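1. This is a predicted model, with the sequence first.
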Amino acid sequence: MSLRLFNTLGREMQKFVPIDDKKVGMYTCGPTVYQYAHIGNLRSYVFEDELRRALEYFGYEVRHVMNVTDVGHLTDDADEGEDKVIKSAREMGKTVWDIAEHFTDAFFTDVEKLNIEQPTVVCRATDHIDDMIEMIRRIEANGYTYEAGGNIYFDTSKFPNYGELALLDRQEQRAGARIEVDENKKHPRDFVLWFTKSKFENQAMIWDSPWGRGYPGWHIECSAMSTQYLGEHFDIHTGGVDHIPVHHTNEIAQTEAATGHTWVNYWIHGEFLLMDTGKMSKSKGNFVTLGVLEEEGFEPLDFRFLCLGGHYRTQLQFSYDALNAARQSRRNLLDRIAAIKEAAGAGGEGADAGDGGGRFADASTGDAGAETRLGERAAAWLSGFEEHLGDDLNVPKCLADLWGVVKDDALTPGEKLDLVARMDGIFALDLLEAQASTDTSLLEDDIRKLVEERTEARKNRNFARADEIRDMLAERGIILEDTPEGTRWKKL
Ligand code: AMP
Ligand code: ZN
């Protein structure tokens, strides 16, 4: 049993071999806290949670570090655009520090609702300004910087492997295509390490530095904090694919310029969640938050379930129809598991199947440790699941395995519950907490009554009434589908 991951650095599938035999250091670019996280951001954090859970499943002890960008950043390297934290503070009539705290708390509330494990270390940029200054000094001492217009820039032409992660073309770098023009820069891709010159009035967050009072560029915090908590060479760095061409490319250049050696072994990136209108972004204003989904009557785990249904390296299209389908599917799964629990009987077979969400570090088929021994058929299911998980986190296939287990009549209820518990260590869907429910329980009373009346009418072969009700419901945005398992519904 082994784990293979797709490394953006080199663009190939690689067997995962940590630096230390059993310990893994993993860094995740965390939220920028001037706004609520949108569900696109949250898809990235769910993927990173799957990765961490998979590593733990395979027996590694993971030290997971995440930053919180609470410095009032600009959105790009050029000294332009508006400082987002200051803008939010002005709009909400609060201080920048209040804003950062408010949105940091909101972020970790979302994280908890989505059953995303808390990072081992959460570090705030504003607590690490000295570490950033120290790293910039090292980069400067090694000859990779220049000063222009009051700012300290990183000279990308001095770093021979610049752009390796993003497969940037040297030619294109020189031409400066698609890069904003900053006349202080010697080369289009150079970026600011320390700003002393700012256009913004009342810049609230500024610090003393050897280069004058100012604030850090927006890449240096990840380099400074990750090395602080994970050392100068660690295993995994994650983020969304949008970070490949600039943020992560610059993180690599500046860190390796400071240390003089390789920094991170595996770069793992998650694809985007798309809205109907295209990529979701805070600045585009087409973003939906977890709170909005909850207001629409969805549970956070419906969204987690939707995320699990797509491989982390493929784009996922968000729509309320897709989320409705995810909710239905999750309810069906929970209903089945509730029925299996009933069949197993309280305190009976399978009652010690697990803690309903914990991880089973030694639950592998090859190394079952203290776990109950599985029958041959159950073990085969588990090894299939582990193979899919180890194959660059093929969680959609793992979900199919879960369905297979739930539906396999040759397994005993106890075996099923045992497998569900182990698998839920990855999914984190609280599967063993499933309680019996009916599909229609999610509907408003009057609509539910109509659906039930229609089922009755169909049973009595009163198809005219059944069709009439179907049309009435359609007018109210409820679409019915008759399946061998019963009538399913979805809201438009
Ligand atoms: P930010 O707060 O903008 O730095 O983003 C936080 C995380 O969300 C980063 O890992 C981004 O790469 C990721 N991200 C941003 N937009 C999306 C999206 N639409 N879908 C998936 N991930 C995203
Ligand atoms: Zn970062």
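-> Now that the structure is in, tell me what you want to look at. Ligands and ions are numbered 1, 2, ... in the order given.
2. Would you mind measuring from the residue nearest to Glu271 when sequence neighbours are not counted to Asp242?
-> Sequence neighbours aside, Gln315 is the residue nearest to Glu271 in space, at 4.9 Å (criterion: Cβ to Cβ, 6 or more residues apart in numbering). Bear in mind the C-beta positions are built from the backbone N, C-alpha and C, glycine included. If you measure Gln315 against Asp242 using Cβ to Cβ, to the nearest Å, the figure is 12 Å.
3. circling back: can you give me the neighbour number for the residue nearest to Glu271?
-> 13 (other Cβ atoms under 10 Å).
4. Between Gln315 and Asp242, which contacts overlap?
-> Phe272 (Cβ atoms under 8 Å, 6 or more residues apart in numbering).
5. one step back: got a pLDDT number for the residue nearest to Glu271?
-> If you check Gln315, the pLDDT there is 97.
6. List the contacts of it.
-> Glu271, Phe272, Leu273, Leu274.
7. cutoff 10 Å now
-> Arg43, Val241, Glu271, Phe272, Leu273, Leu274, Lys279 (Cβ atoms under 10 Å, 6 or more residues apart in numbering).
8. just curious, which of the residues you listed is nearest to ligand 2?
-> The shortest approach to ligand 2 among those belongs to Val241, at 13.3 Å (Cβ to the ion).
9. Go ahead and confirm that closest one touches Leu273.
-> No. Using Cβ atoms under 10 Å, Val241 is not in contact with Leu273, being 11.2 Å away.
10. Secondary structure element holding Asp98?
-> helix 96-113 (DSSP states H and E).
11. ok, now Asn67?
-> Per DSSP H and E: strand 61-68 holds Asn67.
12. buried set for that strand?
-> Residues Val62, Arg63, His64, Val65, Met66, Asn67, Val68 are the ones in strand 61-68 that count as buried (16 or more other Cβ atoms under 10 Å).
13. same deal with stretch 3-21?
-> Counting neighbours by 16+ other Cβ under 10 Å, stretch 3-21 gives Leu3, Leu5, Phe6, Asn7, Thr8, Leu9, Phe16, Pro18 as buried.
14. any idea which element the residue nearest to the fifth one when sequence neighbours are not counted lies in?
-> Closest residue to Thr8 in three dimensions, ignoring its sequence neighbours and counting by Cβ to Cβ, 6+ apart: Trp267, at 4.2 Å. When elements are defined using DSSP H and E, Trp267 is found to belong to strand 264-270.
15. after that strand, next one along is what?
-> Past strand 264-270, the next helix or strand by DSSP H and E is strand 273-275.
16. so what strands line up beside that following strand?
-> strand 278-279 (antiparallel), strand 316-317 (parallel) (DSSP bridges).
17. and the very next helix or strand once past the first one, is it in reach of ligand 1?
-> Note on strand 278-279: by DSSP H and E, the next helix or strand toward the C-terminus is helix 290-295. No. Applying Cβ under 6 Å from any ligand atom, one finds helix 290-295 out of contact with ligand 1, separated by at least 13.4 Å.
18. Now do the helix or strand just after helix 290-295: which elements does it pack against?
-> Using DSSP H and E, the helix or strand that follows helix 290-295 in sequence is helix 300-308. Under the contact criterion of 3 or more Cβ pairs under 10 Å, 6 or more residues apart in numbering; DSSP states H and E, helix 300-308 touches helix 39-57, helix 96-113, strand 273-275, helix 290-295, helix 320-344, helix 395-407, helix 413-427.
19. Please state the offset of helix 300-308 from the chain centre?
-> 11 Å (Cα atoms, centre = their mean, to the nearest Å).
20. just stretch 309-322 next, same as before
-> The answer for stretch 309-322 is 13 Å, by Cα atoms, centre = their mean.
21. ok, now stretch 226-240?
-> Worked out by Cα atoms, centre = their mean, stretch 226-240 lies 17 Å from the chain centre.
22. shouldn't Met13 be in contact with Asn7?
-> Yes. In terms of Cβ under 10 Å, Met13 counts as a neighbour of Asn7; the distance is 7.7 Å.
23. which residues touch Leu411?
-> Taking Cβ under 10 Å, 6+ apart as the test, what Leu411 contacts is Ile340, Leu374, Gly375, Arg377, Ala378, Trp381, Gly404, Val405, Leu417, Asp418, Leu419.
24. Now render those as JSON lines, adding distance to Cys29.
-> Converted to JSON lines, the contacts of Leu411 look like this (distance: Cβ to Cβ, whole Å):
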{"residue": "Ile340", "distance to Cys29": "40"}
{"residue": "Leu374", "distance to Cys29": "39"}
{"residue": "Gly375", "distance to Cys29": "44"}
{"residue": "Arg377", "distance to Cys29": "42"}
{"residue": "Ala378", "distance to Cys29": "39"}
{"residue": "Trp381", "distance to Cys29": "36"}
{"residue": "Gly404", "distance to Cys29": "36"}
{"residue": "Val405", "distance to Cys29": "35"}
{"residue": "Leu417", "distance to Cys29": "38"}
{"residue": "Asp418", "distance to Cys29": "37"}
{"residue": "Leu419", "distance to Cys29": "34"}
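25. could you flag which of the residues you listed are buried?
-> Buried among the contacts of Leu411 (16+ other Cβ under 10 Å): Ile340, Leu374, Ala378, Trp381, Val405, Leu417, Asp418, Leu419.
26. unless I'm mixing things up, the fourth one is touching Lys407, no?
-> No. With contact defined as Cβ under 10 Å, Trp381 does not reach Lys407; the gap is 11.1 Å.
27. about what we covered before: ok, of the buried ones among the contacts of Leu411, which one's closest to Met135?
-> Checking the buried ones among the contacts of Leu411 against Met135 with Cβ to Cβ, the nearest one is Leu419 at 47.1 Å.
28. I'd like to know which residues of the stretch 201-350 of the chain are adjacent to ligand 1.
-> Close to ligand 1, as judged by Cβ under 6 Å from any ligand atom, the stretch 201-350 of the chain has residues Gly239, Gly240, Asp242, His243, Phe272, Leu273, Lys279, Met280.
29. got the contact list for the nearest residue to the first one once chain neighbours are set aside?
-> This means Gly239. Nearest non-adjacent residue to Gly239, counting by Cβ to Cβ, 6+ apart: Cys29, 4.2 Å away. Applying Cβ under 10 Å, 6+ apart to Cys29 gives the contacts 44, 48, 66-67, 69, 219, 221-222, 226, 237-240, 243, 247-248, 251.
30. Out of those residues, which sit inside helices?
-> Ser44, Glu48, Glu221, Cys222, Ser226, Glu251 (DSSP state H).
31. Now tabulate those residues in a markdown table and tack on neighbour count, distance to Lys397 and pLDDT.
-> Below are the ones in helices among the contacts of Cys29 laid out as a markdown table (neighbours: other Cβ atoms under 10 Å; distance: Cβ to Cβ, whole Å; pLDDT from 0 to 100):
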| residue | neighbour count | distance to Lys397 | pLDDT |
| --- | --- | --- | --- |
| Ser44 | 26 | 21 | 98 |
| Glu48 | 26 | 19 | 98 |
| Glu221 | 28 | 36 | 96 |
| Cys222 | 28 | 32 | 97 |
| Ser226 | 27 | 31 | 98 |
| Glu251 | 25 | 32 | 98 |
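32. helices or strands next to the host helix or strand of Ala253 in the packing?
-> Using DSSP H and E, the element containing Ala253 is helix 249-259. Helices and strands touching helix 249-259, by 3+ Cβ pairs under 10 Å, 6+ apart, are helix 129-141, strand 151-154, strand 191-195, helix 220-230, strand 234-240, strand 264-270.
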